[in-house]
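Q: Quick one, what's the 3D model for this:
(chains A, B, C and D)
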Number of protein chains: 2
Amino acid sequence: MDAADLRVFESVARLGGMSRAASELNTVQSNVTARIRLLEGQLGAALFERHSRGVALTPAGRRLMPYALQVITLLRDAKRAVADDGDPKGDLVIGSLETTISMHLAPLLTGFVEKWPGVDLSIKGGTTCESIDAVLDRRVEGAFVCGPVNHPELEEESIFREELVVLTSPSVTRLDWSAGLGGLRIVVLRAGCSYRQRLEDLLARRGVVGLRLLEFGTLEALFGCVAAGLGITLLPRRMVEMVWRDRRVAIHALPPEEAMVETVFIRRRDAFVSSAQASFLDFVRHGMAQVRAAE
Amino acid sequence: MDAADLRVFESVARLGGMSRAASELNTVQSNVTARIRLLEGQLGAALFERHSRGVALTPAGRRLMPYALQVITLLRDAKRAVADDGDPKGDLVIGSLETTISMHLAPLLTGFVEKWPGVDLSIKGGTTCESIDAVLDRRVEGAFVCGPVNHPELEEESIFREELVVLTSPSVTRLDWSAGLGGLRIVVLRAGCSYRQRLEDLLARRGVVGLRLLEFGTLEALFGCVAAGLGITLLPRRMVEMVWRDRRVAIHALPPEEAMVETVFIRRRDAFVSSAQASFLDFVRHGMAQVRAAE
DNA sequence: CCCACGTCATCTCTTATAGTGATGGACTTT
DNA sequence: AAAGTCCATCACTATAAGAGATGACGTGGG
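A: Model (predicted):
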């Protein structure tokens, strides 16, 4: 059994057919058939059931699948590890919450690209769920998300903690939950935003449920909407103070156990940690420590 | 890059020479040389430094090594996974603390071999440290050790908790720590025993340090020694009650937070879990639940 | 100092293996 | 029933792997 066999196996399984796999692998169908038959012979078990429309995995094939995937990714990682001589360079794709990008990451980026010009950094904004999926699928090397995540395949490192505050129009001087916030909406940046779930949970605990959602693409629009009294939202205090000094909104603090949110960096436990990634994380940690020291 | 290449690479690296690797791999030296050169060409980096006595890994080679090892073990596991159709069979090697074997595992073994005659079970006694190393090196599939372990590569599952008691000769009616236990020794079953560290910690917290050690191979000898007033020891209460009913010793309880010890089952996160292992663990869990129900 | 020994590199030749393209049978769809 | 898929099989070719001999280099013993 060899890695090439597993690559063929994986392709056949994924595409559900030997002909399809053959064209993907730039070879001919007879070749794929022969290799699969050989592999089946070596393992002493049928890996596929042949039908007229293609093939389907047998139980034995399903058992082999995760190993095939892992070997393939390991070999890819191995190449990168050999090429990575400790000097950060190459592509680095990181996921992050949008608010984390604008509040914490963006200010650091110019310094980072200056220090490590060889690294092609790209940051993909997304919700916590999206980023977790992206890390698990290896579309990104790691991500900054709302923690704790507690996933067995992921390693997580706490990066910073921050306070969330509820924002309303200035006319609301004190949050009166019992009134039910009649007619107000939850205003969020994106539909899947972590803060949305958090705000809903928070309201539910106070007996307020079934608020409608209002979604915006930009912070500016969101701010305007809240100021106009259309809804309430939940955002990091620092972000409000950074962007919103000149606007008239009411900031409502929450009890500490509800207010504090932790941002963690996650990455696959089994994935290669490139020098580029390590240096970026170092840079971020260092930046966070400086912010904390300044406060 | 292929798994066969990595097997050659690993062998050369481990044996420190291409000729030696060739004879291990049942091939000729020229072949090994060619494959290594090919691999180096594909990766674009030298993996070995050649000198007159053999070869040594370059930094790039050292970076490749862990991947080579993992791919090799993955392929081995993959074969087992394909062969394992869900019916427990084959070899199963498990590590365990000696006391756990005699108190908890041994009574279950006859039932297990009766239920799953196809499994060749062997249990290797050892200390917590030894067993952890054995699991990490894949010499055993899993082990029962003193928890919590908190190792990132290991998955652990709590199996049972039990009470440890201090044993002394009957003449000691009440443990008087302040007296310093002058002349008494710590009696342990084996030098690396977890209970020894625990007892030392416990004594240290009470200001008693520097006690000498006395080591025995069998419980009988240990018991005799404690009864004779030569030293003190720390053992599970159930074990004392099982084996030692007829002897005259003093049993001294400890405060709950110090007395309770947890036994966990550990296994490598990345290793294949055979049906044999799963069924054994099920059997043990079930047995433990029955014991708890009986109490 | 020189020679025997062990190391890896290189070469040619042989053999084994993977890959190609055509064909046929099984099944589905139209 | 015909056309279209799909996989299995076969003969053939191309490529890669392996074997064995030889050479270059460095080490250590006499």
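Q: before we move on, which element is the closest residue to A:Phe160 other than its chain neighbours in?
A: For A:Phe160, ignoring the flanking residues on the chain, the nearest one in space by Cβ to Cβ, 6 or more residues apart in numbering or on different chains is A:Met288 at 5.1 Å. In this view, the C-beta of every residue, glycine as well, is placed from N, C-alpha and C. Per DSSP states H and E: A:Met288 is located in helix A:275-294.
Q: Can you tell me which helices and strands that helix packs against?
A: Counting contacts by 3 or more Cβ pairs under 8 Å, 6 or more residues apart in numbering or on different chains; DSSP states H and E, the secondary-structure elements packed against helix A:275-294 are strand A:90-96, helix A:106-115, strand A:119-125, strand A:154-168, strand A:260-268.
Q: and with 10 Å instead?
A: Contact here means 3 or more Cβ pairs under 10 Å, 6 or more residues apart in numbering or on different chains; DSSP states H and E; on that basis helix A:275-294 packs against strand A:90-96, helix A:106-115, strand A:119-125, strand A:142-147, strand A:154-168, strand A:260-268.
Q: now it, how far from the centre of its chain.
A: On the basis of Cα atoms, centre = their mean, to the nearest Å, helix A:275-294 is displaced by 19 Å from the centre of the chain it belongs to.
Q: All the helices of the stretch 1-150 of chain A, in order from the start?
A: Read by DSSP state H, counting those that start in this stretch, the stretch 1-150 of chain A holds these helices, from start to end of the chain: A:3-15, A:18-24, A:29-43, A:59-83, A:98-100, A:106-115, A:128-136.
Q: what comes up buried for the fourth one?
A: Along helix A:59-83, these residues count as buried under the neighbour rule (16 or more other Cβ atoms under 10 Å in any protein chain shown): A:60-61, A:63-65, A:67-68, A:70-72, A:74-75, A:77-79, A:81-82.
Q: and what of the third one?
A: Of the residues in helix A:29-43, A:Val32, A:Thr33, A:Arg35, A:Ile36, A:Leu39, A:Glu40, A:Leu43 count as buried by neighbour count, 16+ other Cβ under 10 Å.
Q: Look up how far A:Gly17 lies from the fifth one.
A: This means A:Leu39. A:Leu39 sits 16 Å away from A:Gly17, taking Cβ to Cβ, to the nearest Å as the criterion.
Q: what does A:Leu167 give?
A: The spacing between A:Leu167 and A:Gly17, counted by Cβ to Cβ, is 54 Å.
Q: what bridges to the residue nearest to A:Arg20 when sequence neighbours are not counted?
A: Residue nearest to A:Arg20 in three dimensions, not counting chain neighbours: A:Gly54, with 7.4 Å by Cβ to Cβ, 6+ apart. Residues in a beta bridge with A:Gly54, per DSSP bridges, are A:His51.
Q: residues from the stretch 1-150 of chain A in reach of DNA strand C?
A: Residues of the stretch 1-150 of chain A lying close to DNA strand C by Cβ under 7 Å from any atom of the strand are A:Ala4, A:Thr27, A:Val28, A:Gln29, A:Ser30, A:Asn31, A:Ala34, A:Arg35, A:Leu38, A:Ser52, A:Arg53.
Q: one more time with 10 Å, if that's ok
A: Where proximity means Cβ under 10 Å from any atom of the strand, the interface of the stretch 1-150 of chain A facing DNA strand C comprises A:2, A:4-5, A:7-8, A:22, A:25-35, A:38-39, A:42, A:50-53.
Q: now the residue of the stretch 101-250 of chain A found nearest DNA strand C: how far from A:Ile72?
A: Closest contact between the stretch 101-250 of chain A and DNA strand C, by Cβ to the nearest atom of the strand, is at A:Arg138 (25.4 Å). Counting by Cβ to Cβ, the gap between A:Arg138 and A:Ile72 amounts to 11 Å.
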